[in-house]
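J.: Kindly return the folded structure for what I paste below:
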Amino acid sequence: MSNLPGTSDSITNTAPPPSVAVDGAPTGVEPTSATSGGLVPTRNKPRRPRAHLYEIDVVRSVTAVCVVGVHAVAFTVFLTPPGAGQLAQNAVVSALHFTREIFLSITAFVMVYGYANSSFSIGAFWRKRGLGVLLPYIIWSVFYEVTSKPPLPPGQWIARLLDDVLTGNASFQLYFILLSLEFYLVLPLFLRLIVWAGKRPWLTFGVSFAIQIALLALDYSVIQTGPYASTPWALYIGQNESRWLPVYQFYMVFGGLAALYLPQVRAFMLRFGKWTILALAVGVALLWGNLIYQVYGSGQGIAYGVSVFQPAMAVYVFGAAAALYWLAYRWSVRRAPKPPGGYRFWSLLSDVSFGIYLLHAYILVKVMEYGVPLIPAWWLEPIRVLAVWGSAAALTVALCTLMLYIPGVSRLIGRTCALRRDSRTVRWLARLAAEIRDRGSHLWDRLAKSQKAVASSKPCSQQEQP
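T.: Here you go, the predicted model:
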């Protein structure tokens, strides 16, 4: 494999370069203590700031934009004529279905990277996550109840709101946030289990993968089709399983293991990263092969062929996650130990990614309502679909970025205000405010003087009257 820019000449015997903090100072990645036999449990230590992982900014950002994509492509299927065109568009929908799984993998990765083998205060954790995740989730649930649900009498409306908050049904995308809240509830137990099971990472990975395949196969062949598909319990599972955290256990496990063995994962990616493209290709072949078979072979149809809960999805998601991480990490070390090129853009996009999950549904519905009728009918269907995806994503990112820089409002997307007292933006705003104040004061003085002049001239004019 050709050496990457910014790495040593011999990748085989060289550890991955350190990540770089935002201020540009190189910081080593603090690895979890390990031996050839696996992780060695360490005593809990006070939680310290960890090295910034630029590659995670990219993975998180791409996943968030693809969430907009999967909904945009699914909503615009009607723009494509029936037949091969709609089959191809649904194949794209199926390929974009990695988003919820990688979302949970990133969540598990970040939590394990930050809290494994460190002291963990439940109170401090929930004070932070309650303000950063739970509060925005509730506020946006209320927003969608008001803007997208039919009105009800006050008592019934409150009952529906409470039910939708508990189930993530206020809007079609909010189950993402509900899943993360479920994960936070079991995080203390997950941290203990992943550190303990991580002593035998390959066994843990293999068992978790086998369980995932078995669950998906059972779901796909019994819950979604066959003689039991129309039973009440199968219908209940089908309607609610997307919100059940255990259904996604494998994705959280491999995210946690990757965080525990991050130095080894990075070294592997530098040496064998190109093979992740093959893993992605195998996953895509399985996914699309099943879609074609269900449409033309078994006759089950497109909806069954693009189901998220099918065995091929576990293989595909792992390949997609590995390939995406390899590409992101390859980018992140090009200029090591300097920060990678364009890191500010990816960092900003990562900062607003939570807001993208929350807000894009409303923007997309408005684009479908007002934007799609304006798209010329002579445009090719793929261009029209990309126009919807791109405009919805761009508007969502722009609005979330604006919210990020407004004190108080930034909390609606789970972030503290990005403005800093010493930032150029704040200094520019301060100068602008001072100039507006000075101009306003000058105009006020002129107005006051003119009023005094008018007032002083009134007695004279009155005396001149007969």
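J.: could you give me the average pLDDT of stretch 63-83?
T.: Across stretch 63-83, the average pLDDT comes to 93.
J.: gap between that stretch and the chain center?
T.: 17 Å (Cα atoms, centre = their mean, to the nearest Å).
J.: what separates residue 445 from residue 142, distance-wise?
T.: Distance check for residue 445 against residue 142: by Cβ to Cβ, to the nearest Å, it reads 47 Å. In this view, the C-beta of every residue, glycine as well, is placed from N, C-alpha and C.
J.: whoops, residue 265 was the one
T.: 40 Å.
J.: So between these two, which is more surrounded?
T.: Legend: neighbour count by other Cβ atoms under 10 Å for residue 265 and residue 142, higher for residue 265 (18 against 14).
J.: give the contact list for the more buried one.
T.: 258, 325 (Cβ atoms under 8 Å, 6 or more residues apart in numbering).
J.: Next: residue 282.
T.: For residue 282, counting by Cβ under 8 Å, 6+ apart, the contacting residues are 315, 319.
J.: and it, helix, strand or coil?
T.: Classification of residue 282 using DSSP: H, G, I helix; E, B strand; the rest coil returns helix.
J.: Read off the pLDDT value for it.
T.: 96.
J.: quick one, helices of the stretch 1-150 of the chain?
T.: 54-75, 84-95, 99-115, 122-129, 135-148 (DSSP state H, counting those that start in this stretch).
J.: Report the buried residues of the fourth one.
T.: Okay, so that is helix 122-129. Buried residues in helix 122-129, counted by 16 or more other Cβ atoms under 10 Å: residue 129.
J.: which secondary structure elements does it contact?
T.: With contacts taken as 3 or more Cβ pairs under 8 Å, 6 or more residues apart in numbering; DSSP states H and E, helix 122-129 sits against helix 175-185.
J.: which other residues reach the next helix or strand after the helix it packs on?
T.: Using DSSP states H and E, the helix or strand that follows helix 175-185 in sequence is helix 187-197. Identification of contacts with helix 187-197 by Cβ under 8 Å, 6+ apart yields 39, 41, 108, 111-112, 115-117, 120, 122, 125, 183, 204, 252-253, 256-257, 260.
J.: Those residues, buried ones only, as a ChimeraX selection?
T.: Of those, the buried ones can be selected in ChimeraX as follows, counting by 16+ other Cβ under 10 Å:
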select :39,108,111,112,115,116,117,120,183,204,252,253,256,257,260
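J.: and residue 321, what does it touch?
T.: 59, 98, 101-102, 105, 254 are the contacts of residue 321 under Cβ under 8 Å, 6+ apart.
J.: what's the closest of the residues you listed to residue 221?
T.: residue 101 (20.1 Å; Cβ to Cβ).
J.: quick one: the closest one from residue 361, how far?
T.: 19 Å.
J.: and the angle for the host helix or strand of residue 157 with helix 135-148?
T.: In this structure, residue 157 sits in helix 154-167 according to DSSP H and E. Angle, helix 154-167 to helix 135-148, by axes from the mean of the first three to the mean of the last three Cα atoms, to 10 degrees: 130 degrees.
J.: With just CA atoms, put helix 154-167 into PDB.
T.: Extracted in PDB, the C-alpha atoms of helix 154-167 (Å, rounded to 0.1, in the frame of the first residue of the first chain):
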ATOM      1  CA  PRO A 154     -56.200  20.400  25.300                       C
ATOM      2  CA  GLY A 155     -56.500  17.200  27.400                       C
ATOM      3  CA  GLN A 156     -56.200  14.900  24.300                       C
ATOM      4  CA  TRP A 157     -53.400  17.000  22.900                       C
ATOM      5  CA  ILE A 158     -51.300  16.700  26.100                       C
ATOM      6  CA  ALA A 159     -51.900  13.000  26.200                       C
ATOM      7  CA  ARG A 160     -50.800  12.600  22.600                       C
ATOM      8  CA  LEU A 161     -47.700  14.800  23.300                       C
ATOM      9  CA  LEU A 162     -46.700  12.600  26.300                       C
ATOM     10  CA  ASP A 163     -47.100   9.500  24.300                       C
ATOM     11  CA  ASP A 164     -45.100  10.800  21.400                       C
ATOM     12  CA  VAL A 165     -42.300  12.000  23.600                       C
ATOM     13  CA  LEU A 166     -42.100   8.500  25.200                       C
ATOM     14  CA  THR A 167     -42.200   6.800  21.800                       C
END
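J.: What's the mean pLDDT across that helix?
T.: 94.
J.: Now that helix: buried residues?
T.: Result for helix 154-167 [16+ other Cβ under 10 Å]: buried residues 160-161, 164-165.
J.: so which of the helices of the stretch 1-150 of the chain gets nearest residue 305?
T.: helix 84-95 (7.4 Å).
J.: Show me what the closest one is in contact with.
T.: Contacts of helix 84-95 (Cβ under 8 Å, 6+ apart): 70, 73-74, 76-77, 80, 284, 287-288, 291-292, 295, 302, 305-306, 316, 381, 385.
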